[in-house]
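S.K.: Give me a 3D structure for the following:
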Amino acid sequence: MKIVFADSFFESLRRMRRREMFHWRIWNFIRYDLSRGLKNFWFFRKQIWSFRPWDYTYQLDLLKRSLEPLADCIEKGMEIDETRLKKVDAIRRSITILENIIKDQYIGLAEKEKGTEVNIDHMFEEETEDISRKNRDIFDLAQKMEEEEWIELFRLLRGQDHEDYKSLMKKIKSKEETKEPLDEWELQNDHWNKWFDGSGMKGWWD
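M.R.: Numbering: from 1, shown residues only. A predicted model of the protein is given here:
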């Protein structure tokens, strides 16, 4: 059998070879990499300017800033609503938690939930037992809220355990066998959309 290569095949090889040449790499840097790099620098300018290596909140601030355009892109994307909007909600929730951690807003959140504020009027006087108890309740709640949000943040980034989904599908399939047979893809897709909660950083863009 005679093998014939189309002209487009050789043209593709020539283009690939040209892109390995030094002058092409320079052009690619000027045309694409430089402009993207400058845009990135401007976008992260506040985080870059204030960055310090000794405080974890600066690393979290970079992560929070990088998630903002990701949420916007996915929200305007072509993916089906059932999964796309869940991803957007999970990303925006992650941004909110990061904001709370970075700005240490848990005292304020605890005060809002308790309906009262930390009493500092006693600063130069002896603190009464009632004031001490109320303040302690706010501080304890603030600590509890912070710990819970740290756990929630890492769960959102990690995502769901796919083994749970596999176990769920096995149970569903065993029940469906006694009924009219359904299309395998339709069955999995329907239950995946119901099970998936939008979490899992690895899948936010895929």
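
S.K.: Flag every buried residue along the biggest helix by length in the chain.
M.R.: In the chain, with assignment by DSSP state H, the single longest helix is helix 129-158. Using 16 or more other CB atoms under 10 Å as the test for burial, helix 129-158 gives 131, 134, 135, 138, 141, 142, 145, 146, 149, 153, 156, 157. From N, CA and C alone the C-beta is placed, and that goes for glycine too.

S.K.: Packing partners of that helix?
M.R.: Contact analysis of helix 129-158 by 3 or more CB pairs under 8 Å, 6 or more residues apart in numbering; DSSP states H and E lists helix 81-103, helix 106-114 as its packing neighbours.

S.K.: winner for burial among the ones you listed?
M.R.: helix 81-103 (a mean of 17; mean count of other CB atoms under 10 Å).

S.K.: What values do phi and psi take at residue 200?
M.R.: With angles defined as degrees, to the nearest 10, residue 200 sits at phi 110, psi 90.

S.K.: wait, doesn't it sit right on residue 159?
M.R.: Yes. Counting by CB atoms under 8 Å, residue 159 is a contact partner of residue 200 at 2.3 Å.

S.K.: For this structure, give me the ranges with low pLDDT.
M.R.: In the predicted model, the chain carries pLDDT under 70 at residues 1-24, 27, 29, 122-127, 175-187, 206.

S.K.: Using the record's assignment, carve it into domains.
M.R.: 1-43, 53-203 (automatic domain parsing).

S.K.: still on that earlier bit, and the helix or strand just after the longest helix of the chain, which residues are buried?
M.R.: Per DSSP states H and E, the first helix or strand lying C-terminal to helix 129-158 is helix 162-176. For helix 162-176, burial by neighbour count (16+ other CB under 10 Å) applies to residue 169.

S.K.: chain center to helix 162-176, what's the gap?
M.R.: The chain centre lies 27 Å from the centre of helix 162-176; the measure is CA atoms, centre = their mean, to the nearest Å.

S.K.: again, but for stretch 113-121
M.R.: 33 Å.

S.K.: Residue 173: which of the buried residues of helix 129-158 is nearest?
M.R.: residue 156 (29.1 Å; CB to CB).

S.K.: Return the residues in contact with the closest one.
M.R.: Residues near residue 156 by CB atoms under 8 Å, 6 or more residues apart in numbering: 90, 93, 94, 97, 199, 200, 201.

S.K.: 6 Å instead, please
M.R.: 90, 94, 199 (CB atoms under 6 Å, 6 or more residues apart in numbering).

S.K.: okay if I get the helices and strands packed on helix 129-158 as TSV plus distance to residue 44?
M.R.: Output for these, formatted as TSV (distance: least, CB to CB, whole Å):
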stretch	distance to residue 44
helix 81-103	15
helix 106-114	26
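
S.K.: between these, which gets nearest to residue 165?
M.R.: helix 81-103 (13.2 Å).

S.K.: And the contacts of the closest one?
M.R.: With CB under 6 Å, 6+ apart, helix 81-103 has contacts from 57, 60-61, 64, 67, 71, 74-75, 77, 149, 153, 156, 193, 196, 198-199, 204.

S.K.: Can you say which of those residues are buried?
M.R.: 60-61, 64, 67, 71, 74, 149, 153, 156, 196, 198-199, 204.
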